[in-house]
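[1] This is a predicted model, with the sequence first.
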Amino acid sequence: MHVETMDREGPYGAKEAGEGPLNPIIPAIANAVYDAIGARVESTPITPDKIARALKEQQRRLVASSAAPPPSAQPEPARAASGVSQEAPTL
């Protein structure tokens, strides 16, 4: 149901319909956990099980990155984004 009425408190009669109060406590706790353990927990509630999973995932990534071959010493040549050659024209 849609009812149009003027609200004296909102700009141009507008009313809030969406976000409501945003609580900064939850992201602050998530960042504190990240600062403490070095692994990001991606969903709430933050439980000991989710913390353990985040630590295992972090460890798995560290092992995988240490097993990867080192990057080549030679950088790749730059390429034009549009597909046009960047070489100087020959005369």
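    Good, I have the coordinates. Numbers count the residues shown, from 1 in each chain.
[2] where does the protein have low pLDDT?
    1-4, 13, 15-21, 68-91 (pLDDT under 70).
[3] wait, what's in contact with residue 55?
    By CB atoms under 8 Å, 6 or more residues apart in numbering, the residues touching residue 55 are 37, 39. C-betas here are computed from N, CA, C, even on glycine.
[4] swap in the one 10 residues further on?
    If a contact means CB under 8 Å, 6+ apart, then residue 65 has no contacts.
[5] And for residue 35?
    By CB under 8 Å, 6+ apart, no residues touch residue 35.
[6] Residue 61: how many residues sit nearby?
    Residue 61: 11 surrounding residues under other CB atoms under 10 Å.
[7] Pull up the gap between it and residue 55, please.
    Distance of residue 61 to residue 55, computed by CB to CB, to the nearest Å: 11 Å.
[8] do the same with residue 47
    Between residue 47 and residue 55 the distance is 13 Å, computed by CB to CB.
[9] Tell me how many other residues surround residue 33.
    17.
[10] for residue 50, that is, sorry about that
    16.
[11] Residue 34 too?
    Using other CB under 10 Å, the number of residues around residue 34 comes to 13.
[12] hang on, it packs against residue 40?
    Yes. Using CB atoms under 8 Å, residue 34 and residue 40 qualify as a contacting pair, with a distance of 5.2 Å.
[13] need the longest helix for this protein.
    If you go by DSSP state H, the chain has its longest helix at helix 48-67.
[14] In it, which residues are buried?
    For helix 48-67, burial by neighbour count (16 or more other CB atoms under 10 Å) applies to 50, 54.
[15] ditto for stretch 31-43
    So stretch 31-43, judged by 16+ other CB under 10 Å, has buried residues 33, 39, 41.
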